[in-house]
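# following is a predicted model, sequence given first.
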There are 2 protein chains.
Amino acid sequence: MTYCVGLLVDRGLVFMSDTRTNAGIDNISVVSKMKTWSVPGERFLCLLSAGNLATTQSTVSLLEERSVAPADREPAILNQPSMFQTAKLIGDTLREVISYTSPSGQKADGRFSASFVLGGQIKGGRPRLFMIYPEGNFIEAGADNPFFQIGEHKYGRPIIIRTYDAGMALEEVAKLLLVSFDSTIRSNLSVGLPIDLQFYEADSFMPGYRHRFDQRDPYYQLISEGWSDSLKAAFDQLPAFERTADVEA
Amino acid sequence: MTYCVGLLVDRGLVFMSDTRTNAGIDNISVVSKMKTWSVPGERFLCLLSAGNLATTQSTVSLLEERSVAPADREPAILNQPSMFQTAKLIGDTLREVISYTSPSGQKADGRFSASFVLGGQIKGGRPRLFMIYPEGNFIEAGADNPFFQIGEHKYGRPIIIRTYDAGMALEEVAKLLLVSFDSTIRSNLSVGLPIDLQFYEADSFMPGYRHRFDQRDPYYQLISEGWSDSLKAAFDQLPAFERTADVEA
């Protein structure tokens, strides 16, 4: 499993991904699931991946390789006119990899399946965020669904739903996502530290702040330990439940 | 899907279950997933069920029917010497139902699968809590794992893990479980109101307080609306994330 989130706010985009990959619980290793590309002043792209590692790596490698000499090899990840076309290229490449690997052609639910979250901005457009399915099609984030999660999304979802606000600073989003990741890591062994963080500031057209949180990261420890206490305090402030006499058994 | 929780504290047991059952998202209805039996002064049992409704209803009906005339029909749910034997009886009955329904015999992962949480107390023993698997085997709660969830357990798990304390009053547990249920209901359409609540006070050997929360329940509304605000306040109290200069991209 994996846990990755891409989140859209007024000030830009925030990406976070874990780094645990496993072929069984006795065979784990650390692999970054976050890949960025940039042509400073023109575009910035960040891609998060979940699913079969061979599939996601092949897809990223194909996207990378084709960008080495864009004049020779089309289509190139850094040569698309819009975020929409970029998402389409990634979807097409993903479908191509899955088709090639699956003996009987494209199989979304198969063991070679994978999905991506793509975010970024290209000059002339606004910051955009997409979720790309194994079938190669994709959906875009908007005001009603401002974030996408891939992988083990359930444990960490309630806190995002209840706390998200489009006016948040990127640093606040980082804090929110750390809480979401910590809740997930406590419940699912297949999601693990270190955690990669990437900011993108709207209209900057260049990579923003990037950080890797490991087990010894002081801020991660503050959040991980502090959140339980804060949550308990918040819980205590809720009105107490009282038995109502009319429904006593 | 379904969401049920049984939770053990020093003062007794608390059970909570949703009531939504569905055969597709366009075919939903309300069915209680909580069943209690009691011989006041001697024993109290509460059974929560998740999975195929035909399987869980058959199992409960068999357990019920066999308890009508315990002298004639053994084994009887109200006639077991211990909670362990009661759990074994339920597991055996569940396995019998699944075996009967599945053409090729017992199948745990099949579409006739179901699981139960059983809690209660029988004179001479302490309050005990079990999780019963479709295979008919079961595990018991203890200090390290004081609660069991069945059905859609992921969304509502982090809050229980972070807030549970063995010294909690039953009313506090009810509040905690309502938060957990509300988080789940907001994320999964297949879990729905009303919610059934059952208390069991240790060494009372009789049913405790019981309540059904529906959409208009004022306390449920207080929790559902208040929790988002409390959570945001708790979140704001966590130390802010600050970019560290050495890892700027």
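Alright, I've got the coordinates. If you're wondering where the values come from, they're calculated on a predicted model, not measured in any experiment.

# in the helix or strand of chain A with the lowest mean pLDDT, what counts as buried?
Using mean pLDDT, DSSP states H and E, helix A:53-68 stands out as the lowest-scoring helix or strand of chain A, at a mean of 85. Within helix A:53-68, the residues scored as buried using 16 or more other C-beta atoms under 10 Å in any protein chain shown are A:53, A:55, A:56, A:58, A:59, A:60, A:62, A:63, A:66. The way it works is simple: take the backbone N, C-alpha and C, and place the C-beta from them, glycine included.

# leaving out chain neighbours, which residue sits closest to the third one?
Right, the one you point to is residue A:56. Beyond its immediate neighbours in the sequence, the residue positioned closest to residue A:56 (C-beta to C-beta, 6 or more residues apart in numbering or on different chains) is residue A:49, lying 3.8 Å away.

# tell me the spacing between the one you found and chain B.
When distance is defined by C-beta to the nearest C-beta, to the nearest Å, residue A:49 is 19 Å away from chain B.

# please apply the same query to residue A:93.
Taken as C-beta to the nearest C-beta, the span from residue A:93 to chain B is 25 Å.

# ok so that residue is a strand residue?
No - assignment of residue A:93 by DSSP: H, G, I helix; E, B strand; the rest coil gives helix, placing it outside any strand.

# list the contacts for it?
With C-beta atoms under 8 Å, 6 or more residues apart in numbering or on different chains as the criterion, the residues that contact residue A:93 are A:59, A:62, A:63.

# also near chain B: which of those, exactly?
Among the contacts of residue A:93, proximity to chain B is found for none (C-beta under 8 Å from any C-beta of the partner chain).

# ok, those residues vs residue B:132, which is closest?
The shortest distance between residue B:132 and any of the contacts of residue A:93, using C-beta to C-beta, involves residue A:59 and amounts to 43.4 Å.

# the closest one contacts residue A:95, correct?
No - Residue A:59 is not in contact with residue A:95 according to C-beta atoms under 8 Å; the separation is 9.4 Å.

# still on that earlier bit, pretty sure the residue nearest to residue A:56 sits against residue A:118.
No - using C-beta under 8 Å, residue A:49 is not in contact with residue A:118, being 9.8 Å away.

# the two - which one has more neighbours?
When residue A:49 and residue A:118 are compared for neighbours, residue A:49 comes out ahead with 29 against 26, by other C-beta atoms under 10 Å in any protein chain shown.

# next, the buried residues of stretch A:1-15.
In terms of neighbour count (16+ other C-beta under 10 Å), stretch A:1-15 has its buried residues at A:1-9, A:11-15.

# would you turn the residues you listed into a markdown table with pLDDT, secondary structure and distance to residue B:193?
Below are the buried residues of stretch A:1-15 laid out as a markdown table (pLDDT from 0 to 100; DSSP: H, G, I helix; E, B strand; the rest coil; distance: C-beta to C-beta, whole Å):
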| residue | pLDDT | secondary structure | distance to residue B:193 |
| --- | --- | --- | --- |
| A:1 | 81 | coil | 30 |
| A:2 | 94 | coil | 33 |
| A:3 | 97 | strand | 29 |
| A:4 | 97 | strand | 32 |
| A:5 | 98 | strand | 29 |
| A:6 | 98 | strand | 32 |
| A:7 | 98 | strand | 29 |
| A:8 | 98 | strand | 31 |
| A:9 | 98 | strand | 32 |
| A:11 | 98 | coil | 37 |
| A:12 | 98 | strand | 38 |
| A:13 | 98 | strand | 36 |
| A:14 | 98 | strand | 34 |
| A:15 | 98 | strand | 36 |
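
# now for the residues you listed: which two are most distant?
Comparing all pairs in the buried residues of stretch A:1-15 by C-beta to C-beta, the longest separation belongs to A:1 and A:11, at 30.3 Å.

# identify the bridge partners of the nearest residue to residue A:138 once chain neighbours are set aside.
On the basis of C-beta to C-beta, 6+ apart, the spatially nearest residue to residue A:138 that is not a chain neighbour turns out to be residue A:132, at 4.3 Å. According to DSSP bridges, residue A:116, residue A:138 are recorded as the beta-bridge partners of residue A:132.

# how much space separates residue A:132 from chain B?
Distance of residue A:132 to chain B, computed by C-beta to the nearest C-beta: 22 Å.

# hmm, that residue is touching residue A:92, no?
No - using C-beta under 8 Å, residue A:132 makes no contact with residue A:92, being 9.8 Å away.

# tell me which of these two has more neighbours.
More neighbours sit around residue A:132 than around the other of residue A:132 and residue A:92, counting by other C-beta under 10 Å; the figures are 29 against 14.

# how far away is that one from residue A:36?
Applying C-beta to C-beta, to the nearest Å, one obtains 16 Å for the distance of residue A:132 from residue A:36.

# also residue A:141?
With distances defined as C-beta to C-beta, the gap from residue A:141 to residue A:36 amounts to 18 Å.

# next one: residue A:88
On the measure of C-beta to C-beta, residue A:88 and residue A:36 end up 19 Å apart.

# equivalent analysis for residue A:188, please.
With the distance defined as C-beta to C-beta, residue A:188 ends up 26 Å from residue A:36.

# the more surrounded of the two?
The residue with more neighbours, out of residue A:188 and residue A:36 and counting by other C-beta under 10 Å, is residue A:188; that gives 21 against 18.

# give me the helices and strands touching the host helix or strand of residue A:158, please.
Assigning secondary structure by DSSP states H and E places residue A:158 in helix A:157-163. The helices and strands touching helix A:157-163, judged by 3 or more C-beta pairs under 8 Å, 6 or more residues apart in numbering or on different chains; DSSP states H and E, are strand A:147-151, helix A:170-187, helix B:157-163, helix B:170-187, helix B:218-237.

# list the buried residues in the third one.
When burial is assessed from 16+ other C-beta under 10 Å, helix B:157-163 yields the following buried residues: B:157, B:158, B:159, B:160, B:162, B:163.

# surely the second one is in contact with residue A:188?
Read it as residue B:158. No - judged on C-beta under 8 Å, residue B:158 makes no contact with residue A:188 at a distance of 10.7 Å.

# next, format the buried residues of helix B:157-163 as CSV and append pLDDT.
Formatted as CSV, those follow (pLDDT from 0 to 100):
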residue, pLDDT
B:157, 95
B:158, 93
B:159, 93
B:160, 95
B:162, 91
B:163, 93
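
# check the residue nearest to residue A:138 and give its pLDDT.
Reading off the confidence values, residue A:132 has pLDDT 97.

# which residues does the helix holding residue A:158 contact?
Counting by C-beta under 8 Å, 6+ apart, the neighbours of helix A:157-163 from elsewhere in the structure are A:5, A:7, A:147, A:149, A:176-177, A:179-180, A:183, B:155-156, B:158-159, B:183, B:186-187, B:227-228, B:231-232, B:235.
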